[in-house]
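Peer 1: next comes the sequence, and after it the predicted model I'd like to discuss.
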Amino acid sequence: MDSQPNSRPMIDVTSLGSYVFCARAGVLSYKQQGLDSGNVEKPRVPNLSYVPAFTEDELKEEFDRIFPAFLRYSLSCLIGFLLLWVIAAFFSVSLSLLLLLPGSLLAWKATTDGLSLLAVLAELSRHKDATPSQLDSTATGPVEVSWYGLIKDGYISFKPKGRYEDLSLNLCGQPWRILQTTNADRIPVFNYSGSNFVIRDSQIMRLALYSHLCKKEFRGSKSEWGILLDVATKRCFAIPIDDHLRSKAIKELKRFSRVLDEDQNGQPVKTPAGSPCENCLFGKPRPFISGVSDTRFTTGPIGANTHSGHHGQPVHSDCGDKFDWRPHHRYWHENS
């Protein structure tokens, strides 16, 4: 029997994705919903202070925001270091060295802003070189497409203003972005920021549920695709989504709901098969510091299940604390 909807806090789509990856990860994700920022995806790119933008207008706005500060810091550095040279040459070397620290801070800020500008210019170049991309309505599987190609073809990218809900399924979720077409199709976008960019079942299930929520939120609109986007390279896959895939995702959601009920009633959650623990953040050991490194759920912190880590220091993890075991994280195979 399915669990009754609304009997507990709604399940976020991100938690369902974690459940498809591993049942224990799903339970942990659910118990930590809202502790960060509502389980909304955050893009991560190694470009220092640069925050990635995803349309030409956003990129130009980012350039216009950074450039004046870069120019100001660069000119200040040039003038400052000339003054330091004069002080060192004609007055006091020790005084010039004393004044070098604030000058170095200006130089660091000018450098980081300069690298950010280069990143923006590189993205603008990608956008300029892209050719319009259309989604093939006859596709039956994932299709690799160009993000900027979709934008150039007329797809409009926007950020949802809040989460979407389906009270009948006790489900909520906020897609990272939505692509909208001129005929009001809604395409949810999943932002990927890992090192191994491949399509996984957990991502497909999340996109299918986001598609379901989009159809419910925007009555009369279609949502026949989902986009898996690598935020660093703008490489992406378009995933066809139909009623069958949405139904499959809803069945997974109901199974997850039963697992949550069983966990709430004290029944064990099965140990994961295979090697999902290898790189799982929930199973990654961290140094135990009483009152600081606690595993926290929305209901409060729980006790630590510690093990002797590298160099003998006590370590623990969210998954180990919750399920009283030692997850098979790669940490345990690394050299101390």
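Peer 2: Sure, I can see it.

Peer 1: quick one: Ser275 is in a helix?
Peer 2: No. Counting by DSSP: H, G, I helix; E, B strand; the rest coil, Ser275 is not found in a helix; it is coil.

Peer 1: so it sits against His328, correct?
Peer 2: Yes. Using C-beta atoms under 8 Å, Ser275 is in contact with His328, at 6.8 Å. Just so you know, the C-beta spots here come from the backbone N, C-alpha and C atoms, and that holds for glycine as well.

Peer 1: if you count surrounding residues, which of those two has more?
Peer 2: Just comparing Ser275 and His328: by other C-beta atoms under 10 Å the higher neighbour count belongs to His328, 17 against 11.

Peer 1: which SS class is that one?
Peer 2: Going by three-state DSSP: His328 is coil.

Peer 1: please name the nearest non-neighbouring residue to it.
Peer 2: Spatial nearest neighbour of His328, chain neighbours left out: Cys277 (4.3 Å); criterion: C-beta to C-beta, 6 or more residues apart in numbering.

Peer 1: residues contacting Tyr19?
Peer 2: Neighbouring residues of Tyr19 by C-beta atoms under 8 Å, 6 or more residues apart in numbering: 25-27, 29-30, 252, 256, 259.

Peer 1: okay if I get those residues as JSON lines plus secondary structure?
Peer 2: Formatted as JSON lines, these follow (three-state DSSP):
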{"residue": "Ala25", "secondary structure": "helix"}
{"residue": "Gly26", "secondary structure": "helix"}
{"residue": "Val27", "secondary structure": "helix"}
{"residue": "Ser29", "secondary structure": "helix"}
{"residue": "Tyr30", "secondary structure": "helix"}
{"residue": "Glu252", "secondary structure": "helix"}
{"residue": "Phe256", "secondary structure": "helix"}
{"residue": "Val259", "secondary structure": "helix"}
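
Peer 1: make a PyMOL selection of the buried ones in those residues.
Peer 2: This is the PyMOL syntax for the buried subset of the contacts of Tyr19, where burial follows 16 or more other C-beta atoms under 10 Å:
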select buried, resi 25+26+27+29+30+252+256+259
